[in-house]
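*Asks:* I'd like to go over a predicted model; first the sequence, then the structure.
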Amino acid sequence: MDDELFNTLPNRLAREIDVPSAIFIWLHPGDYREITAGTQAEANLDYNTFEGPDPWLAQGTDDKVGTGVFRLSNYVSPQELEESEMFNEFITKNRLDRYWCLGLLQGTRDGRVATAFHKGKTAGDFTDTELSLINRHVEDLGRLHAIRRELHRASIREIAAADRSLLDDAPIFELDHQGRLLRMNGKAERLFKLHPLLAVDSKRTLRVQGTGQSAFHLTAGRATAARKSEAGAMDLAQTRAIDGRIIPRLRLNFLPRTDGGRKVLVIATTEFTDGMQDLFDSPQERILLTPRERDVLHGLIRGLRRDQLGHDLDLAMPTIDLHSANLRRKLGARTIAEAVAIALKLGLI
């Protein structure tokens, strides 16, 4: 799902049906449009000048979202295309082999995305067979665009940080093909403790309780398949956390790992803008620190090192590390410095 892989997708799709051009275009709310990937990248910048009068995208209306692939010649005649500014000032000027067009419109919560395939004028319009070939990929394309948009929405450009930890913009965790937790960030750990349907056993295997168990195993299995891994998603209905808070409807997005194989990153997202943050902004009274954890926290605030803390509190280094890890977990922090800042902000000390 990284940029390099994403940019190769239009070329792969174009080769499958033997056409010269395929592009992905975001149709944002309002009039803004953006080419995100295409087979003729050299023309993408110039396209921005002509996107307004594009007779193809003028047909990108809501009624076509989710209806599958369709021929644009059903809506725009060859004569209309040849008379358009798009054809004369963009296609002809850039010597692009675009004439007949096949369109696909899919929706996400941040707007629509158009996938367009083009053939040259002498090649003739798209056949029913070519429509069928592309329709086989409709579901996968929709899932890909939705997941990619969620990654951008959460500003997750690189899911894995340089220190091999996971960024903390959203609950993110990594599983192997047996469902065992390999890594998780602070928000994922808190989600597992709050969500009544997510359980981690003594072997660190993640299980989904209730009716979602089959969907979870199926989706995770496809994402970690030995021969061909596939991205996927499953939903968890709105529920009440073990402490009484409302957990909004969540979507678990499964992204196969390309390094090492048979691993999958899972990113939890929600369509409710503030729902996820509200879940992790725990009220002060719900964060309960043990006396020893408070002692360690006070020492850290005074700037004491681990060895000084151990001497002052008469504790071994592993015990100090355990209390420090518990502080980070309870406060939803990645580092001790962040844990101290959160504790000060919440007035816990």
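*Replies:* Received, thanks. Numbering: from 1, shown residues only.
*Asks:* going by C-alpha atoms from here, please, whenever you check contacts or count neighbours.
*Replies:* OK.
*Asks:* and the helices in the chain, which stretches?
*Replies:* In the chain, the helices defined using DSSP state H lie at 3-16, 44-50, 78-83, 85, 128-135, 138-153, 186-194, 213-223, 275-280, 291-301, 306-313, 317-331, 336-346.
*Asks:* of those helices, which is nearest residue 177?
*Replies:* helix 213-223 (6.6 Å; CA to CA).
*Asks:* pLDDT of the closest one, averaged?
*Replies:* The average pLDDT within helix 213-223 is 92.
*Asks:* ok, residues contacting it?
*Replies:* Identification of contacts with helix 213-223 by CA atoms under 8 Å, 6 or more residues apart in numbering yields 177, 179, 207-208, 228-234, 254-256, 262-264.
*Asks:* go again using 7 Å as the cut-off
*Replies:* 177, 208, 229-234, 254-256, 264 (CA atoms under 7 Å, 6 or more residues apart in numbering).
*Asks:* residues in contact with residue 54?
*Replies:* residue 86.
*Asks:* and the pLDDT at it?
*Replies:* With respect to pLDDT, residue 54 has a value of 79.
*Asks:* please apply the same query to the one 4 residues further on.
*Replies:* pLDDT, residue 58: 81.
*Asks:* about what we covered before: and which of the contacts of helix 213-223 is nearest residue 23?
*Replies:* residue 231 (20.7 Å).
*Asks:* ok, the closest one touching residue 252?
*Replies:* No. With contact defined as CA atoms under 7 Å, residue 231 does not count as touching residue 252 (10.9 Å).
*Asks:* quick one on the thing from earlier: ok, which of the helices of the chain comes nearest residue 70?
*Replies:* helix 128-135 (7.5 Å).
*Asks:* with just CA atoms, put that closest one into PDB.
*Replies:* Taking C-alpha atoms only, helix 128-135 is exported to PDB below (Å, rounded to 0.1, in the frame of the first residue of the first chain):
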ATOM      1  CA  ASP A 128     -18.300  -6.500 -23.000                       C
ATOM      2  CA  THR A 129     -15.400  -8.800 -22.300                       C
ATOM      3  CA  GLU A 130     -13.100  -5.900 -21.300                       C
ATOM      4  CA  LEU A 131     -15.900  -4.600 -19.000                       C
ATOM      5  CA  SER A 132     -16.100  -8.000 -17.400                       C
ATOM      6  CA  LEU A 133     -12.400  -8.200 -16.800                       C
ATOM      7  CA  ILE A 134     -12.300  -4.900 -15.000                       C
ATOM      8  CA  ASN A 135     -15.500  -5.600 -13.000                       C
END
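*Asks:* how near is residue 300 to residue 108?
*Replies:* Distance of residue 300 to residue 108, computed by CA to CA, to the nearest Å: 45 Å.
*Asks:* who's more crowded, the two?
*Replies:* Neighbour totals were compared for residue 300 and residue 108, and residue 300 leads with 19 against 15 (other CA atoms under 10 Å).
*Asks:* ok, that one to residue 252 distance?
*Replies:* Between residue 300 and residue 252 the computed distance is 36 Å (CA to CA).
*Asks:* over to residue 219?
*Replies:* 10 Å.
*Asks:* count of neighbours near the closest residue to residue 293 other than its chain neighbours?
*Replies:* For residue 293, ignoring the flanking residues on the chain, the nearest one in space by CA to CA, 6 or more residues apart in numbering is residue 323 at 5.6 Å. Residues within reach of residue 323, counting by other CA under 10 Å, total 19.
*Asks:* run the chain-centre distance for stretch 177-192.
*Replies:* 16 Å (CA atoms, centre = their mean, to the nearest Å).
*Asks:* whoops, stretch 103-116 was the one
*Replies:* Distance of stretch 103-116 from its chain centroid, counting by CA atoms, centre = their mean, is 16 Å.
*Asks:* now the strands for the stretch 51-200 of the chain?
*Replies:* 70-71, 100-108, 111-119, 172-176, 181-184, 198-200 (DSSP state E, counting those that start in this stretch).
*Asks:* can you lay out those as TSV showing mean pLDDT and distance to residue 145?
*Replies:* Listed next are those as TSV, based on pLDDT from 0 to 100; distance: least, CA to CA, whole Å:
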stretch	mean pLDDT	distance to residue 145
strand 70-71	90	19
strand 100-108	88	8
strand 111-119	87	8
strand 172-176	90	19
strand 181-184	86	24
strand 198-200	90	26
